[in-house]
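1. I'll drop the sequence and a predicted model, then ask my questions.
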Protein chains: 2
Amino acid sequence: MKVYGVIMAGGGGTRFWPLSTKARPKQFLNLSGKELLVNETIDRQKELVRREDIFIVTNESQAELMLQETKGRIAKDHILAEPAARNTAACIGYAAMELVRKYEDGIMCVFAADPHIRDEAEYTRVMKLAVRAVEETDALVTVGIRPTFPSTGYGYIKSLPVEGKPWRAVEEFVEKPDAATAQAYLEDGGYAWNSGMFVWKASTILRYFKELLPDIFACLERIGEAMGTPREQEVIREVYPSIPKISVDYGIMERAKGVLMLEGDFGWSDVGSFDSLDSVRQKDGAGNISSGETLLLDARNCVVYGTKKLIAAVGVEDLVIAEGDSAILVCPISQAQRIKQVVEQLEKEGRDRFL
Amino acid sequence: MKVYGVIMAGGGGTRFWPLSTKARPKQFLNLSGKELLVNETIDRQKELVRREDIFIVTNESQAELMLQETKGRIAKDHILAEPAARNTAACIGYAAMELVRKYEDGIMCVFAADPHIRDEAEYTRVMKLAVRAVEETDALVTVGIRPTFPSTGYGYIKSLPVEGKPWRAVEEFVEKPDAATAQAYLEDGGYAWNSGMFVWKASTILRYFKELLPDIFACLERIGEAMGTPREQEVIREVYPSIPKISVDYGIMERAKGVLMLEGDFGWSDVGSFDSLDSVRQKDGAGNISSGETLLLDARNCVVYGTKKLIAAVGVEDLVIAEGDSAILVCPISQAQRIKQVVEQLEKEGRDRFL
């Protein structure tokens, strides 16, 4: 069965503010110094899915920007525009319905637009096994990440080996653990990080929607009936905002039977905030990660991201210094999580033009 | 005799980089949040000199900007453009010659464009006494600043009281002292900071040029002969760059006899760098001095100067964060003197567009 890619690019993430903004979320950042995260995600699929078989689901307000910034990688009619953000179940259901209406069916590989993956060859190998698992079993398949440290920031997937197969049988999806539990998971060896990568047949996931999320399925059916007709956009705009907000993990994966998992160990990082940039970018001899025009004079262990202006960092340590289009942030790396507070404060004060 | 003002605005100072640049030196900064330093200097003379009797000597390359930024305070023909920076003797000689050629003579009050003075009433009172001293004695008169701490950054003037007069007799100009000497000067009470403020008759200072700096006087005479003729600019461009570079302190004041001094205690500050901004601007409750759009979240004792962009400073202490037109500086306040190094480094690397 033919393989399609579905990239979920709905994130509005504020954790890279002021580099990322509402108008230009994280997937449009060039954190690696090579390409925008979304383009790296598209390009990463090259051994797995043909470019013309990739779809991107994104917010309507960013559809035009997505078309521009992907620079010919993705055709306009492969950018599925959500009139409202309704979490991942809606997004995946929409894409599955599109595939079924357009191509009758297909194997659909779902990935987020904005993680970084160091070892693309290994990534491709694992994803191909996931596709094989779908071909052989018609199961819902996910790719878990072999933990490299006791992270409390991800959900975990508990699984057991399947004899004679490269995949594993999922026992349980578990919530983000506390530190002690995360340590126990790491030592146990039977737990992987839930990375939000999925492979399944479009028809199969829609069957699960019908069974487990019938309200959403009803919405998807109304959208599906309008697809390819002149009323398509109108119906989507009408129906979409009423789709219940639920994640595919919570709505389907945790409740489905016979879910399979491939374990991946290919240097995956969700690049969640400034303190994880070392996964995408080399440090210099003094431990600094920098981008753009900079002058570092006795700066140590800093993250310095300039865009338009030169950033001179002199005699400072352990700081994030980031220049966005309309704002500049200076913050200890250890307090990078407080960016959320900054954004909330600016919202509260009505200074939205900086967000 | 009529009183004229001469503002020396030749400084290229890099100590406020990136707020100040070669194209826009310190005198054009609004450090107080009220007005540009040069305009504050002009406005400060209001009880002393009529605006139309003020001249500004500045570099040719900044004459146009000066005309714009002083916003009608100064007429175009009162901006004396130096084709090259030749130190303060040249600058003062040029202005004195202009006064003598235009008005035959006049009392000339000379001040730098960029210091800050807190107590303007007291400043005016002292300057009027300096004018009176010139009227009564025809001496070279300077205004020394009563030291408030043992500064090693200024030269000092040693003086003795003159009986029955508000002025003092200068004994000696002394170079910038070491810390112990500065402390001794402070305790002695007979030493004042050399602030570079002078009052004298234009004809008198020219007589000193003739006697003590005959090479410069010869140049000034050539310029003076061309003044008011069509060849004025041409002669100035030809002669000026060859004027010996020497300060009026070194060339005349230290060698002249009978120099008088008024002691000033009016909150003078030369606002030499980011670490002296507390003289021009109020700190907030957490010890921060800020300008422009800022968001300070647990920031303490920082100097935060934004221009175009919002600056969010989170959880940082004792930092200078300054956004200029083309560059951003982040540096501990205690290392503010290292800005010179940054500027030198950028020059060395040919990144002049940021200077």
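-> Thanks, I have the structure now. Residues are numbered from 1 along each chain as shown, chains lettered A, B, ... in the order given.

2. center of chain A, which residue is that?
-> A:Ala112 (2.4 Å; C-alpha atoms, centre = their mean).

3. Tell me what it is bridged to.
-> A:Met8 (DSSP bridges).

4. Am I right that it is in contact with A:Met8?
-> Yes. Using C-beta atoms under 8 Å, A:Ala112 is in contact with A:Met8, at 5.4 Å. (Glycine included, C-beta is placed from N, CA and C.)

5. what is in contact with these two at once?
-> Common neighbours of A:Ala112 and A:Met8, using C-beta atoms under 8 Å, 6 or more residues apart in numbering or on different chains, are A:Gly196.

6. Quick one: residues contacting the closest residue to A:Thr137 other than its chain neighbours.
-> Leaving out its chain neighbours, the residue that sits closest to A:Thr137 by C-beta to C-beta, 6 or more residues apart in numbering or on different chains is A:Leu260, at 6.6 Å. The neighbours of A:Leu260, taking C-beta under 8 Å, 6+ apart as the test, are A:Ala133, A:Thr137, A:Ala139, A:Leu140, A:Val141, A:Thr142, A:Val162, A:Trp167, A:Arg168, A:Ala169, A:Val170.

7. List the strands paired with the host helix or strand of A:Cys331, with their directions.
-> Secondary structure assigned from DSSP states H and E places A:Cys331 in strand A:327-332. With DSSP bridges as the test, strand A:327-332 is paired with strand A:319-323 (antiparallel), strand B:310-314 (parallel).

8. Adding mean pLDDT and distance to A:Pro18, write the ones you listed out as JSON lines.
-> Output for the strands paired with strand A:327-332, formatted as JSON lines (pLDDT from 0 to 100; distance: least, C-beta to C-beta, whole Å):
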{"stretch": "strand A:319-323", "mean pLDDT": "98", "distance to A:Pro18": "6"}
{"stretch": "strand B:310-314", "mean pLDDT": "98", "distance to A:Pro18": "7"}
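
9. Mind putting the ones you listed into a markdown table with distance to A:Arg222 and mean neighbour count?
-> Below are the strands paired with strand A:327-332 laid out as a markdown table (distance: least, C-beta to C-beta, whole Å; neighbours: other C-beta atoms under 10 Å in any protein chain shown):
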| stretch | distance to A:Arg222 | mean neighbour count |
| --- | --- | --- |
| strand A:319-323 | 43 | 26 |
| strand B:310-314 | 44 | 26 |
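
10. what would those strands look like in a markdown table with distance to B:Val320?
-> What follows is the strands paired with strand A:327-332, written out as a markdown table (distance: least, C-beta to C-beta, whole Å):
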| stretch | distance to B:Val320 |
| --- | --- |
| strand A:319-323 | 12 |
| strand B:310-314 | 11 |
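
11. So for A:Ser61, which of the ones you listed sits nearest?
-> Nearest to A:Ser61 among those is strand B:310-314 (22.3 Å), distances taken as C-beta to C-beta.

12. The stretch 251-355 of chain A: strands as residue ranges?
-> In the stretch 251-355 of chain A, the strands defined using DSSP state E, counting those that start in this stretch lie at A:260-264, A:268-269, A:289-291, A:294-297, A:303-305, A:310-314, A:319-323, A:327-332.

13. What pairs with the first one, parallel or antiparallel?
-> Okay, so that is strand A:260-264. Strand pairing for strand A:260-264, determined by DSSP bridges: strand A:141-145 (parallel), strand A:168-174 (antiparallel).

14. Report the angle between whichever helix or strand A:Val199 is part of and strand A:168-174.
-> Here A:Val199 is covered by strand A:191-201, with elements defined by DSSP H and E. Counting by axes from the mean of the first three to the mean of the last three C-alpha atoms, to 10 degrees, strand A:191-201 lies at 110 degrees to strand A:168-174.

15. Counting by contacts, list what strand A:191-201 packs against.
-> strand A:107-112, helix A:120-137, strand A:141-145, strand A:156-161, strand A:260-264 (3 or more C-beta pairs under 8 Å, 6 or more residues apart in numbering or on different chains; DSSP states H and E).

16. Report the mean confidence score over the strand holding A:Cys331.
-> For strand A:327-332, mean pLDDT rounds to 98.

17. Ok, stretch A:136-144 next?
-> 98.

18. A:Lys34: what's it in contact with?
-> A:Glu40.

19. Next one: it from A:Val280, what distance?
-> Going from A:Lys34 to A:Val280 by C-beta to C-beta, to the nearest Å gives 9 Å.

20. likewise A:Ser334?
-> 19 Å.

21. Outline the domain layout of chain A.
-> Chain A breaks down into these domains under automatic domain parsing: A:3-269, A:274-354.

22. Using CSV, please lay out the ones you listed together with distance to B:Gln345.
-> Putting the domains of chain A into CSV (distance: least, C-beta to C-beta, whole Å) gives the following:
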stretch, distance to B:Gln345
domain A:3-269, 22
domain A:274-354, 6
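
23. Mind checking these for the one nearest to B:Asp105?
-> It is, among the domains of chain A and with distance given as C-beta to C-beta, domain A:274-354, at 49.1 Å.

24. How far does the closest one stretch from one end to the other?
-> 19 Å (C-alpha to C-alpha, to the nearest Å).

25. can you check stretch A:135-149 too?
-> 33 Å.

26. Next, the buried residues of that stretch.
-> Residues A:Asp138, A:Ala139, A:Leu140, A:Val141, A:Thr142, A:Val143, A:Gly144, A:Ile145, A:Pro147 are the ones in stretch A:135-149 that count as buried (16 or more other C-beta atoms under 10 Å in any protein chain shown).

27. Kindly indicate which of the residues you listed lies nearest A:Leu310.
-> For the buried residues of stretch A:135-149, the nearest to A:Leu310 is A:Ile145 (37.5 Å; C-beta to C-beta).

28. The closest one is in contact with A:Asp265, isn't it?
-> Yes. A:Ile145 is within contact range of A:Asp265, at 7.5 Å (criterion: C-beta under 8 Å).

29. Near chain B, which residues of the stretch 151-300 of chain A? Just list them.
-> Within the stretch 151-300 of chain A, the positions adjacent to chain B are A:Glu293, A:Leu295, A:Leu297 by C-beta under 8 Å from any C-beta of the partner chain.

30. Just the CA trace of the strand holding A:Cys331, in CSV.
-> In CSV, the C-alpha atoms belonging to strand A:327-332 read as follows (Å, rounded to 0.1, in the frame of the first residue of the first chain):
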residue,chain,number,x,y,z
ALA,A,327,11.9,41.7,21.2
ILE,A,328,15.1,40.6,22.9
LEU,A,329,15.3,38.1,25.7
VAL,A,330,18.1,37.9,28.3
CYS,A,331,17.7,35.1,30.8
PRO,A,332,19.8,32.5,32.6
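
31. Contacts for that strand, please.
-> Strand A:327-332 is contacted from outside by A:17-18, A:274, A:318-322, A:338-339, A:342, A:354, B:306, B:309-316, B:319, B:321, B:323, B:328, B:330, using C-beta under 8 Å, 6+ apart.

32. just to revisit the earlier point, so which of the residues of the stretch 151-300 of chain A next to chain B wins on neighbours?
-> With neighbours taken as other C-beta atoms under 10 Å in any protein chain shown, the top of these is A:Leu295, carrying 23 neighbours.
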